[in-house]
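Have a look at this fold, sequence not included:
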């Protein structure tokens, strides 16, 4: 499986929010998309999902996404939006079964294959015990896992996620990310927009940095999380170390001020930055 | 739970049909009706056969079709607009049908033409739905809220049109318009059934085929589009099918209120949000409800027949308020 973007862009009315994105993702990879608010992360994901049209082409195994019928597309690739209504009255298993839609006939009960896919998806997300509960009564972390199970029941080869850890506590953030990285195990490609750069660095194989709708950097976290790039893209100073817990790159951020408190890392700040 | 609900609805439906066929100035026991139904040709006398076959059966069928159509259309509208106050008349269909009927009556077109009145009502209903759709359309699609607001606005305009036509009509026409706008199943004719059966049954099949799409749309248009749904197309198909069903029902029966509002709303409280279950149950419950309401309309003040819309309101509103209070209490 191979998803590639060639010259992908987008504009809302006159404003260009994304341009010239070149990207190839292969099965088995977890790619994190990062960048400041308004850099075009969500727009990039929606362009890659095929539901938003614009300049450039997105190919899945050489087939143009915009030419695939909606059903065929949803069998291969899906996306989980950041905001999904929380007050849905569906029971958990009903909601996960909705993910089978692109595989099911219009009329008739779900097939044994549908049931099996729903069971596998719920098992992978560790939510089998939630099956009979109403979605609206779950916690934020549980709801996220149910929605993930629903899109997983589509059995997609490419999974796009917009901020899958937003509004979650640290336990659920880590849990969701490790579930996602496990999903790449069966040759699936997972792309997710993430605000937390250290979370991205801890789990992603590659990191893509967006600024003003353009790709500024794309590579392993160690090459992307650098002082210069972080300053350029986010306008913050950073000290990049390695996390003693994961061994992955870890950035400590700060904004230098004139009345700076005693600096624990004086050697990393150039005098010019304090001016 | 779902099984129990279907069992109760089935019993109400069968009971309603038997009562509708059996009760009246010439009562016929249910046992003999059932005996005839299973093949005993001597169970009914020729006179009884005539009463049942020519008068009561069309009326019962008419009630099942009109009630089912209105309840299913209401269930679709409430799901599509995510609004419990949406009804089959949300797109101004009732107002359009009434205005169409009033035009036909006041211009004298209805004189001696069997098809003129239902035809005018159907055109009025369909035209108002098309107008609401066109008024609510923006460059980026048709937002549900815009549809509801345009529907309310157009309904007010159409009710003013009907009001003006009544004001300037002669007393005989005034009465005809007023009676028509109250709705009733006494207008059941084999000709009306001939077009109602395919339109309503076809409409229900289309709607059931798109029930899951309606479920998925509850996740939001963006998320639904990632799951193989084209939201604009689904809305077009569902609004089209419900408009045709409702217009066909209203064209003959007149605008019967509350069935399309209360039946699907009550069932949603009991059955939950899954539209395949909800809409199938709505078809049964709407039909049964209207048949029982019509029975009430025929029998309560016998020999005077009440407009069935009054009965649906008297039965439906207290039940609706009970459900509302129960929902608030929880």
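Thanks, I have it. All of these numbers come straight from a predicted model, not from anything done at the bench. Numbers count the residues shown, from 1 in each chain, chains lettered A, B, ... in the order given.

Under a three-state scheme, what state does the spatially most central residue of chain A occupy?
By C-alpha atoms, centre = their mean, chain A has its centre lying nearest to residue A:192, at 1.2 Å. For residue A:192, the assignment made with DSSP: H, G, I helix; E, B strand; the rest coil gives strand.

Surely it and residue A:32 touch.
Yes. Counting by C-beta atoms under 8 Å, residue A:192 does reach residue A:32; the two are 5.9 Å apart. (C-beta placed from N, C-alpha, C; glycine too.)

ok, the residue nearest to the centre of chain A to residue A:206 distance?
12 Å (C-beta to C-beta, to the nearest Å).

element containing residue B:295?
Secondary structure from DSSP states H and E places residue B:295 in helix B:275-299.

And whichever helix or strand comes after that helix, what does it pack against?
Toward the C-terminus, helix B:275-299 is succeeded by helix B:308-329 as the next helix or strand (DSSP H and E). Under the contact definition 3 or more C-beta pairs under 8 Å, 6 or more residues apart in numbering or on different chains; DSSP states H and E, helix B:308-329 sits against helix B:259-271, helix B:275-299.

burial of the closest residue to chain A within chain B, as a residue count?
In chain B, the residue found nearest to chain A is residue B:228; the distance is 3.3 Å by C-beta to the nearest C-beta. Residues near residue B:228, counting by other C-beta atoms under 10 Å in any protein chain shown, number 23.

Return the residues of chain B in contact with chain A.
Within chain B, the residues that sit near chain A (C-beta under 8 Å from any C-beta of the partner chain) are B:208-210, B:212-213, B:215-216, B:218-220, B:222-223, B:225-230, B:272-274.

List buried residues within these.
Among those, those classed as buried by 16 or more other C-beta atoms under 10 Å in any protein chain shown are B:208, B:210, B:212-213, B:215-216, B:218-219, B:222-223, B:225-230, B:272-274.

Out of the residues you listed, which sit inside helices?
B:208, B:212-213, B:215-216, B:222-223, B:225-226 (DSSP state H).

Now compare those and name the two farthest from each other.
Greatest spacing in those, by C-beta to C-beta: B:208 and B:222 (25.5 Å).

Output the below-cut-off pLDDT ranges for chain B.
In the predicted model, chain B carries pLDDT under 70 at residues B:110, B:112, B:140-141, B:327-330.

Next one: the most centrally placed residue in it from residue B:51, what distance?
Nearest to the geometric centre of chain B sits residue B:70, at 2.4 Å (C-alpha atoms, centre = their mean). To residue B:51, residue B:70 is 27 Å away according to C-beta to C-beta.

Just send the helices and strands packed on helix B:308-329 back as JSON lines, with distance to residue B:40 too.
As requested, the helices and strands packed on helix B:308-329 are exported to JSON lines (distance: least, C-beta to C-beta, whole Å):
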{"stretch": "helix B:259-271", "distance to residue B:40": "35"}
{"stretch": "helix B:275-299", "distance to residue B:40": "24"}
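
Now the ones you listed in a markdown table, please, with extra columns for mean neighbour count.
Shown next, in a markdown table, are the helices and strands packed on helix B:308-329 (neighbours: other C-beta atoms under 10 Å in any protein chain shown):
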| stretch | mean neighbour count |
| --- | --- |
| helix B:259-271 | 24 |
| helix B:275-299 | 25 |
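
what's the closest of the ones you listed to residue B:324?
helix B:259-271 (9.1 Å).

Double-check that the residue nearest to the centre of chain B belongs to a strand.
No. According to three-state DSSP, the state of residue B:70 is helix, so it is not within a strand.

What sits closest to it if chain neighbours are left out?
residue B:260 (3.9 Å; C-beta to C-beta, 6 or more residues apart in numbering or on different chains).

thinking that neighbour is in contact with residue B:90, fair?
No. Look at residue B:260 against residue B:90 with C-beta under 8 Å: they stay out of range, at 9.2 Å.

and for the two, which residues touch both?
residue B:77 (C-beta atoms under 8 Å, 6 or more residues apart in numbering or on different chains).

give me the number of residues near residue A:190?
Neighbour tally, residue A:190, other C-beta under 10 Å: 25.

and if you look at residue B:302?
11.

if I pick it, what's in contact with it?
Per C-beta under 8 Å, 6+ apart, neighbours of residue B:302: residue B:25.

Kindly report the same for residue A:227.
A:237-240, A:268.

how near is it to residue A:254?
Residue A:227 is 12 Å from residue A:254, where distance means C-beta to C-beta.

in chain B, which spans are strands?
Remark: strands of chain B are absent; assignment by DSSP state E.

need the residues of the stretch 151-275 of chain A near chain B, please.
A:151, A:154, A:160.

wait, is the last one part of a strand?
Spelled out, it's residue A:160. Yes. Under three-state DSSP, residue A:160 falls within a strand.

Could you give the bridge partners of it?
residue A:79, residue A:191 (DSSP bridges).

lowest average confidence, helix or strand, in chain A?
helix A:271-274 (a mean of 52; mean pLDDT, DSSP states H and E).

And for the residue of the stretch 101-250 of chain A found nearest chain B, the neighbour number?
For the stretch 101-250 of chain A, the residue closest to chain B is residue A:102, as judged by C-beta to the nearest C-beta, at 3.6 Å. By the measure other C-beta under 10 Å, the count of residues near residue A:102 is 21.

which SS state does it fall under?
Quick answer, by three-state DSSP: residue A:102 is helix.

And the pLDDT for it?
Note for residue A:102: predicted pLDDT of 96.

now residue A:270
As predicted, residue A:270 sits at a pLDDT of 55.

And for the one 5 residues further on?
Model confidence at residue A:275, expressed as pLDDT, equals 47.

I'd assumed residue B:206 was in contact with residue B:242.
No. Residue B:242 lies out of contact with residue B:206 (C-beta under 8 Å); the separation is 9.2 Å.

neighbour count winner among the two?
Ranked by neighbour count (other C-beta under 10 Å), residue B:242 and residue B:206 place residue B:242 first, with 29 against 17.

hang on, the earlier thing: the residue of the stretch 101-250 of chain A closest to chain B: what's it in contact with?
Neighbour list for residue A:102: A:70-72, A:74-75, A:154, B:227-228 [criterion: C-beta under 8 Å, 6+ apart].

how about 10 Å then?
A:69-76, A:78, A:154-156, B:226-229 (C-beta atoms under 10 Å, 6 or more residues apart in numbering or on different chains).

Same check on residue B:159?
B:92, B:94-95, B:98-99, B:181 are the contacts of residue B:159 under C-beta under 10 Å, 6+ apart.

Of all pairs in those residues, which one spans the longest distance?
Taking C-beta to C-beta, no two of the contacts of residue B:159 sit farther apart than B:92 and B:181, at 14.4 Å.

Counting neighbours, go ahead and name the busier of the two.
When residue B:92 and residue B:181 are compared for neighbours, residue B:92 comes out ahead with 27 against 21, by other C-beta under 10 Å.

one step back: wait, doesn't the residue nearest to the centre of chain A sit right on residue A:160?
Yes. Contact criterion C-beta atoms under 10 Å: residue A:192 and residue A:160 qualify, at 7.3 Å.

what is in contact with these two at once?
Shared contacts of residue A:192 and residue A:160 (C-beta under 10 Å, 6+ apart): A:31, A:33, A:45, A:79-80.

ok, for residue 62, nearest residue in space, not its chain neighbours?
By default, I'm working from chain A. The nearest residue in space to residue A:62 (C-beta to C-beta, 6+ apart) is residue A:2, at 7.7 Å.

my question was about chain B
In space, residue B:62 is closest to residue B:188, 3.7 Å off (C-beta to C-beta, 6+ apart).

What about the one you found? Give its phi and psi, please.
Here the main-chain torsion angles of residue B:188 (degrees, to the nearest 10) amount to phi -60, psi 120.

Contacts only, for it.
B:55-63, B:65-66, B:196, B:252-253, B:294.

Can you select the buried ones among those for me in ChimeraX?
Those of those that count as buried under 16+ other C-beta under 10 Å are selected in ChimeraX with:
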select /B:56,57,58,59,60,61,62,63,65,66,196,252,253,294
